[in-house]
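> pasted the sequence and its predicted model underneath.
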Amino acid sequence: QKEVEQNSGPLSVPEGAIASLNCTYSDRVSQSFFWYRQYSGKSPELIMSIYSNGDKEDGRFTAQLNKASQYVSLLIRDSQPSDSATYLCAVPDMEYGNKLVFGAGTILRVKS
Amino acid sequence: DGGITQSPKYLFRKEGQNVTLSCEQNLNHDAMYWYRQDPGQGLRLIYYSQIVNDFQKGDIAEGYSVSREKKESFPLTVTSAQKNPTAFYLCASSLAGGLDEQYFGPGTRLTVT
């Protein structure tokens, strides 16, 4: 079983700060990486996809991928209280090719 | 409006009863998935289907069954053999499977007493 590891948190940041969420994965040949946001009691919502090494920016969100280190991160700039949620990292299981492996998620709390 | 619908939002059942959770998508996605989420835990894959009339067990398939008779629909039955069925059930779909993004429905919260 492939593994995706995340720090469970909670990660607490003040409003306006940068929140940095990290994810490591065990499968060296993984090709795509996804970040989901899940508000309490709601379903996960896809917020970022990244496929190649480097940074990908979308609004206040930046995903960073380092395949050599098997590490993907999500930066949230100018954090808002509405960003308070659980953030899930997901990586395809390349052996089976048909499913995503999800991390357990990091709880983010943005304090106003 | 394209998306994934799950019904009902909340479901209450007595122990020993089978219950079927509905999942429908109009995104024209080939692949569909069922996950279970317990409080404070991550997502665990129950079953998935890449094409109509074919499906595979996920990590925790025991006590569950599925069918995929239509591309748009992937119902999940929670049988009486499932020892701890109370959970949040999430249906997802993706364009073609594994390497693609998955999109989730709103979920069904099942409580069995």
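Done, it's in. Residues are numbered from 1 along each chain as shown, chains lettered A, B, ... in the order given.

> now tell me which helix or strand of chain A has the poorest mean pLDDT.
The weakest-scoring helix or strand in chain A, judged by mean pLDDT, DSSP states H and E, is strand A:100-102 (a mean of 90).

> hmm, that strand in reach of chain B?
Yes - residues of strand A:100-102 contacting chain B under CB under 8 Å from any CB of the partner chain: A:100, A:102. Heads up, the C-betas are built off the backbone N, CA and C, glycines and all.

> so what touches that strand?
For strand A:100-102, contacts defined as CB atoms under 8 Å, 6 or more residues apart in numbering or on different chains pick out A:1-4, A:25, A:27, A:34, A:36, A:88-93, B:42-43, B:98, B:102.

> let's see 6 Å
A:2, A:4, A:88, A:90-93, B:42-43, B:102 (CB atoms under 6 Å, 6 or more residues apart in numbering or on different chains).

> bridged to the most centrally placed residue in chain B, which residues?
Closest to where the C-alpha atoms of chain B average out (CA atoms, centre = their mean) is B:Trp34, at 3.0 Å. Beta-bridge pairing for B:Trp34 (DSSP bridges): B:Tyr47, B:Cys91.

> list only buried entries from the contacts of strand A:100-102.
Listed as buried from the contacts of strand A:100-102 are A:2, A:4, A:88, A:90-93, B:42-43, B:102; burial here means 16 or more other CB atoms under 10 Å in any protein chain shown.

> from those, pick the one nearest B:Lys70.
Minimum distance to B:Lys70 across the buried ones among the contacts of strand A:100-102 is 19.2 Å, recorded for B:Gln102 (CB to CB).

> what pLDDT does the closest one get?
pLDDT for B:Gln102: 94.

> got phi/psi on it?
Phi and psi for B:Gln102, reported as degrees, to the nearest 10, are phi -110, psi 140.

> now swap in A:Pro81 and tell me
Main-chain torsions, A:Pro81, degrees, to the nearest 10: phi -50, psi -30.

> stretch A:48-68: which residues count as buried?
A:48, A:50, A:61-65.

> same deal with stretch B:67-75?
For stretch B:67-75, by 16+ other CB under 10 Å, it's B:68, B:71-72, B:74-75.

> ok, now stretch A:104-112?
If you call a residue buried by 16+ other CB under 10 Å, then stretch A:104-112 has these buried ones: A:104-108, A:110.

> and what of stretch B:74-87?
Those would be B:74-76, B:78, B:82, B:85-87, for stretch B:74-87 by 16+ other CB under 10 Å.
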